[in-house]
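Q: Provided below are the primary sequence and the corresponding predicted coordinates.
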Amino acid sequence: MNKGTAWVIGASSGLGLATAEAFAADGWLVVSGARRFGAPLPSTPAAGRLHTLPLDVTVPASRAAFVDAALAISPRVDALIYCAAVLVLGPCEHTGVQEYERVMQTNFLGLVSMVNAALPIMRTQGQGKLILFSSINGLLGIPYQSAYTASKHAMEGYAECLAMETARFGIQVCLVEPGDHRGGSQHTRLHAACADADNPYAASCQTALGVIHRDETGGLPPQMLGQKVVRNANRKRMRFRLRVAKPDQHLAVLLHKLLPARLNFRILTDYYGKGGNT
């Protein structure tokens, strides 16, 4: 017997793939969607419970086709897990409006559209769990990730509103706030079109991007995060925030709450400006 049906959005690689596999291994029927899906995933012990469908969350027709196909596999949606995200790296001044729009369309507006597709089904069922992948960057900013950070801040506020509005229908909301994890897809890591070597931020930006790459390469295993998300989903009452990060990133969030903004900015600027050696 399946524990329930989970839609995992953005599950072709990285944290999304690890989460989809963790739900399937735990006994859930998983319907995964991603732009890159066309062929089945490699065979796994849980492959019979893991279905893959093409999905571009920025295209209404693609979203509608995914929903129709998913409901043909299972008429229920017990959990919606939204992991889809893209990242544009570069200075604010050299990140264009179209690049901000691209990030928001995938990271935030795509999420809103998929939640809106699942909510009527969950209300009819009288229960459901919405698990939205935010980030440590949803709580604090770091240099040269402004578009991604803005999208995750938007998600944090949206999720608080969503949780209050849907609780009376038996629907729960969880914000997953990962720190650095290994295995992210390079296809979703873009660079601002205007961030060439001649701009005044170039040296600082390259140093910061080196720190970001190093921290991600040495990050936590994505499988651990997937297992923690499943354990939270299996709780009768989910935790609203599930932060999965190394101790130093937990500390950074705490300091962001406690310290004056100027001091926080100095700490983070030094860390990313000195190769992470502060």
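A: Cool, the structure landed.
Q: isn't Gln223 up against Ala22?
A: Yes. In this structure Gln223 lies within contact range of Ala22 using CB atoms under 8 Å: 7.0 Å. Bear in mind the C-beta positions are built from the backbone N, C-alpha and C, glycine included.
Q: strands of the stretch 51-200 of the chain, start to end?
A: 79-82, 87-89, 128-133, 171-178, 189-191 (DSSP state E, counting those that start in this stretch).
Q: by contact count, what packs against the second one?
A: Read it as strand 87-89. On a contact count with 3 or more CB pairs under 8 Å, 6 or more residues apart in numbering; DSSP states H and E, strand 87-89 meets helix 97-104, helix 146-166, strand 189-191, helix 202-217.
Q: so what's Phe169 up against?
A: Each residue near Phe169 by CB atoms under 8 Å, 6 or more residues apart in numbering is listed here: Met122, Arg123, Gly126.
Q: could you dump those residues to a markdown table with pLDDT and neighbour count?
A: Listed next are those as a markdown table, based on pLDDT from 0 to 100; neighbours: other CB atoms under 10 Å:
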| residue | pLDDT | neighbour count |
| --- | --- | --- |
| Met122 | 98 | 23 |
| Arg123 | 98 | 15 |
| Gly126 | 96 | 9 |
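Q: with respect to Arg168, which of those residues is nearest?
A: Arg123 (9.8 Å; CB to CB).
Q: parallel or antiparallel, list what pairs with the helix or strand that contains Trp7.
A: Trp7 is located in strand 5-9, with elements delineated by DSSP states H and E. With DSSP bridges as the test, strand 5-9 is paired with strand 29-34 (parallel), strand 79-82 (parallel).
Q: relative to Leu17, which of these is closest?
A: strand 29-34 (8.0 Å).
Q: can you give me how far the closest one is from the chain middle?
A: 15 Å (CA atoms, centre = their mean, to the nearest Å).
Q: one more: stretch 16-24?
A: That offset, for stretch 16-24, works out to 13 Å (CA atoms, centre = their mean).
Q: contacts for it?
A: Residues contacting stretch 16-24 (CB under 8 Å, 6+ apart): 6, 8-11, 30, 32, 34, 41, 44, 46-47, 49-50, 79, 81, 83-84, 133, 183, 222-223, 225-227, 229-230, 233.
Q: are any of these buried, and which?
A: 6, 8-11, 30, 32, 34, 41, 46, 49-50, 79, 81, 83-84, 133, 183, 222-223, 225-227, 229-230, 233 (16 or more other CB atoms under 10 Å).
Q: with mean pLDDT and distance to Leu255 as extra columns, can I get the strands paired with strand 5-9 in a markdown table?
A: Listed next are these as a markdown table, based on pLDDT from 0 to 100; distance: least, CB to CB, whole Å:
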| stretch | mean pLDDT | distance to Leu255 |
| --- | --- | --- |
| strand 29-34 | 96 | 35 |
| strand 79-82 | 98 | 28 |
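Q: can you give me the buried ones in stretch 50-58?
A: Leu50, His51, Thr52, Leu53, Leu55, Asp56, Val57, Thr58.
Q: what do you get for stretch 110-123?
A: So, applying 16+ other CB under 10 Å, buried residues of stretch 110-123: Gly110, Leu111, Ser113, Met114, Val115, Ala117, Ala118, Leu119, Ile121, Met122.
Q: contacts only, for the fourth one.
A: The contact partners of Met114, taken as CB under 8 Å, 6+ apart, are Trp7, Ile9, Val57, Arg63, Leu80, Tyr82.
Q: redo that, cut-off 10 Å
A: Contact partners of Met114, counting by CB atoms under 10 Å, 6 or more residues apart in numbering, are 7, 9-10, 33, 55, 57, 63, 66-67, 80-82, 84, 130, 132.
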